[in-house]
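*Asks:* Next come a sequence and a model predicted from it.
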Amino acid sequence: MNVKSKMLAGILLSVAIVMPLVSACGSSSASDGAASASETKVSSPAIQNNGTLTVCAAFSTGNPPTYYTDSTNNPVGAEVEMAKWIASDLGLQVKFQDVAFASIIPALQAGKCDTIMSSLYIKPEREKVVDMIPYLMSGSKVAVKKDNPKKVTGMDDSLCGLKVSAAVGKTATLQAEKQAKQCKADGKPDLTVVQTDQTTAAVQQLVNGQVDAYVGETPVVLYYQSKQQGAFEPVGDEFGVIKVGAAVTKGNTELGDALKQSFEKMNKTGDYKKILDKWDMSSLAYDFK
């Protein structure tokens with residue numbers, strides 16, 4: 001073999017070795033949210049785009065520890081991890097779509113996502129327009145400054161005459177507005193509900209002393225209490241205990257059934273418990289039995 005032939009043989013051998021390595025680096029496995037077409041469990045028209053599960057969540061509002069964005073603007077939280085697990089189990093990649101909470105169901109109906117996983121409470125009025133698959137429990141709490149200087153006892157008339165903060169569109173916010181009407185009807189001092197677009201901002205108003213109380217979802221209250229110990233505390237009983245569910249468009253039984261089976265599998269493998277334990281949400285576990 002002459003010199004040129006030897007050089008050509010060497011080049012071909014190098015290409016033969018490198019090509020498999022390049023292919024391996026560019027591939028994805030089901031463990032990180034992608035799989036081959038033969039492994040996928042749902043496809044169009046049950047999902048908008050083959051190979052991808054698009055999940056709507058109100059990241060701009062934020063709802064730690066269930067869903068929010070970290071300092072690098074990456075989605076994190078218990079529901080985010082559950083969505084990633086579900087997508088992987090279904091042989092799909094996952095894509096998160098940030099949508100304002102107040103318009104999140106219309107966004108689903110308009111085809112902007114395949115499902116909603118955004119601490120969405122299962123309510124009769126919602127079940128009329130979307131199908132929902134339960135996977136978590138939640139409720140709401142009232143939080144006040146440490147030592148409760150205003151002597152608030154919960155979501156009751158002890159809030160009359162005070163100012164409370166809350167995030168737009170949340171169930172706790174609606175309950176606070178209802179209590180405000182009750183204060184007025186009873187001839188008591190006005191309850192002022194200050195609404196913000198971000199949960200963090202609403203909590204910070206309490207910490208800064210701009211309001212007398214904050215009303216929000218129980219996991220949110222417990223999360224911020226653990227992060228800012230000594231700043232505030234929950235008071236009174238939890239109210240509005242309710243199931244949280246993943247929403248799909250009405251009649252999308254293929255995706256709905258797939259999500260239900262995947263959640264049940266997550267529970268059986270123990271991964272559901274691991275996720276909740278990681279985010280200190282074990283008390284909010286849904287009973288899949």
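*Replies:* Looks like it arrived, so ask away. Because the structure is a prediction, the values reported are computed rather than measured.
*Asks:* what ranges do the helices span in the chain?
*Replies:* Taking DSSP state H as the test, the helices found in the chain are 3-26, 78-89, 104-109, 124-127, 171-185, 199-207, 218-227, 253-269, 271-278.
*Asks:* looking at the ones you listed, which is buried most?
*Replies:* Ranked by mean neighbour count, those are led by helix 78-89 with a mean of 23 (mean count of other C-beta atoms under 10 Å). Where you see a C-beta, it was placed from the backbone N, CA and C, and this is true even at glycine.
*Asks:* how much does it deviate in direction from helix 253-269?
*Replies:* Inter-element angle recorded for helix 78-89 and helix 253-269: 110 degrees (by axes from the mean of the first three to the mean of the last three C-alpha atoms, to 10 degrees).
*Asks:* The helices of the chain into a markdown table, with extra columns for mean pLDDT?
*Replies:* Formatted as a markdown table, the helices of the chain follow (pLDDT from 0 to 100):
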| stretch | mean pLDDT |
| --- | --- |
| helix 3-26 | 36 |
| helix 78-89 | 98 |
| helix 104-109 | 98 |
| helix 124-127 | 97 |
| helix 171-185 | 96 |
| helix 199-207 | 93 |
| helix 218-227 | 89 |
| helix 253-269 | 98 |
| helix 271-278 | 97 |
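*Asks:* Turn these into a markdown table, columns for distance to V152.
*Replies:* Formatted as a markdown table, these follow (distance: least, C-beta to C-beta, whole Å):
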| stretch | distance to V152 |
| --- | --- |
| helix 3-26 | 57 |
| helix 78-89 | 28 |
| helix 104-109 | 30 |
| helix 124-127 | 29 |
| helix 171-185 | 11 |
| helix 199-207 | 11 |
| helix 218-227 | 13 |
| helix 253-269 | 37 |
| helix 271-278 | 29 |
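*Asks:* Which of those helices sits closest to S43?
*Replies:* Proximity to S43, assessed across the helices of the chain by C-beta to C-beta, is greatest for helix 253-269 (8.7 Å).
*Asks:* So what's the gap between the closest one and the chain middle?
*Replies:* 17 Å (C-alpha atoms, centre = their mean, to the nearest Å).
*Asks:* which other residues reach that helix?
*Replies:* 41-42, 46-47, 82, 85-86, 89-90, 114-115, 131, 133, 135, 246, 248, 272-273, 288 (C-beta atoms under 8 Å, 6 or more residues apart in numbering).
*Asks:* Using CSV, write out every CA atom in that helix.
*Replies:* Listed next in CSV are the C-alpha coordinates belonging to helix 253-269 (Å, rounded to 0.1, in the frame of the first residue of the first chain):
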residue,chain,number,x,y,z
THR,A,253,-59.8,11.0,26.3
GLU,A,254,-56.6,9.7,24.7
LEU,A,255,-54.4,12.2,26.4
GLY,A,256,-56.5,12.3,29.6
ASP,A,257,-56.3,8.5,30.0
ALA,A,258,-52.6,8.6,29.2
LEU,A,259,-52.0,11.2,31.9
LYS,A,260,-54.1,9.3,34.4
GLN,A,261,-52.2,6.1,33.9
SER,A,262,-48.8,7.9,34.0
PHE,A,263,-49.7,9.6,37.3
GLU,A,264,-50.7,6.3,38.8
LYS,A,265,-47.4,4.8,37.6
MET,A,266,-45.5,7.7,39.1
ASN,A,267,-47.2,6.9,42.4
LYS,A,268,-46.5,3.2,42.3
THR,A,269,-42.8,3.7,41.5
